[in-house]
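Student: Everything below, folded, please.
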Amino acid sequence: MGVDKALLRLAGKTLLQRAISAVSEAADDVRVIGDREEYHHFGVPVEPDLYPGTGPLGGIATALRRARHKHVLVVACDMPFLSVELMTAMAAVPRGYHALVPVTDTPRSSHGGERTYETLHAIYRTSCVDLIELRIASGQLKAFEMLAEMVVHELPEGWLRRYDPELSSLVNANDPDEWLAATARLGDNLTTVEDRE
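Tutor: You can find the predicted model right below:
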């Protein structure tokens, strides 16, 4: 994207603010992973990434290491339309799993196959952290590949749509085209100003 996505503004709020606001309605201990000075202005604890340079997998591992509970909801800050109803429903699923992962019927080239595992909108058991750290140490940094070594409860698209009919929660603003689509969806104007409230 060329800028810190977390600090891009959409409908008057940064993406990070939007994520914090939504997750705070579904969880009781919200933390931001990634210690930038700007992240300290949003009223929740900020945890330095314990595994810098390892991408999303390092962020997941840091969240699990810092967790106060046995299960952790992990979402990416570049998901601007998170659904509180969906996250709440996910948290209510019986917890006999290592990972509770939404699975959509849209293929993603990096995953192979005909489905996409939404590893950055998932719930993980903290006991998985050792496995994840081993993968990081060996340079295996693709988050969806770790699922082969876990007990995974998949949430199929039909189940997801009960709570989020348009699957808006899983929309990313991960590159300029996706960002433009997100801003158009809200009738907003593109901005890259790192605004500190």
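Student: C-alpha from now on. contacts and neighbour counts both.
Tutor: Noted.
Student: What about Asp28, how many residues nearby?
Tutor: Applying other C-alpha atoms under 10 Å, we find 9 residues neighbouring Asp28.
Student: Backbone torsions only: list them for the most centrally placed residue in the chain.
Tutor: The C-alpha lying nearest the average C-alpha coordinate of the chain belongs to Val75 (C-alpha atoms, centre = their mean; 1.9 Å). Per-residue torsions, Val75: phi -130, psi 150 (degrees, to the nearest 10).
Student: and the gap between the nearest residue to it once chain neighbours are set aside and Met87?
Tutor: Closest residue to Val75 apart from its sequence neighbours, by C-alpha to C-alpha, 6 or more residues apart in numbering: His121 at 4.5 Å. As for His121, its distance to Met87 is 9 Å (criterion: C-alpha to C-alpha, to the nearest Å).
Student: again with Arg65
Tutor: According to C-alpha to C-alpha, Arg65 stands 21 Å off from Met87.
Student: okay, those two: which has more neighbours?
Tutor: Set side by side, Arg65 and Met87 give different neighbour counts by other C-alpha under 10 Å, the larger being at Met87 (24 against 15).
Student: And that one, which helix or strand is it part of?
Tutor: Secondary structure from DSSP states H and E places Met87 in helix 84-92.
Student: Please enumerate the strands of the chain.
Tutor: Residue ranges of the strands in the chain, as given by DSSP state E, are 9-10, 13-14, 32-33, 46-47, 71-75, 99-104, 116-117, 121-125, 152-155.
Student: Please tabulate these in JSON lines, including the columns distance to Ala26.
Tutor: JSON lines is the format used below for the strands of the chain (distance: least, C-alpha to C-alpha, whole Å):
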{"stretch": "strand 9-10", "distance to Ala26": "21"}
{"stretch": "strand 13-14", "distance to Ala26": "19"}
{"stretch": "strand 32-33", "distance to Ala26": "15"}
{"stretch": "strand 46-47", "distance to Ala26": "18"}
{"stretch": "strand 71-75", "distance to Ala26": "9"}
{"stretch": "strand 99-104", "distance to Ala26": "15"}
{"stretch": "strand 116-117", "distance to Ala26": "21"}
{"stretch": "strand 121-125", "distance to Ala26": "12"}
{"stretch": "strand 152-155", "distance to Ala26": "18"}
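Student: So which of the ones you listed is nearest Ala181?
Tutor: For these, distance to Ala181 was read as C-alpha to C-alpha. The smallest value, 11.3 Å, belongs to strand 9-10.
Student: what's the offset of that closest one from the middle of its chain?
Tutor: On the basis of C-alpha atoms, centre = their mean, to the nearest Å, strand 9-10 is displaced by 17 Å from the centre of the chain it belongs to.
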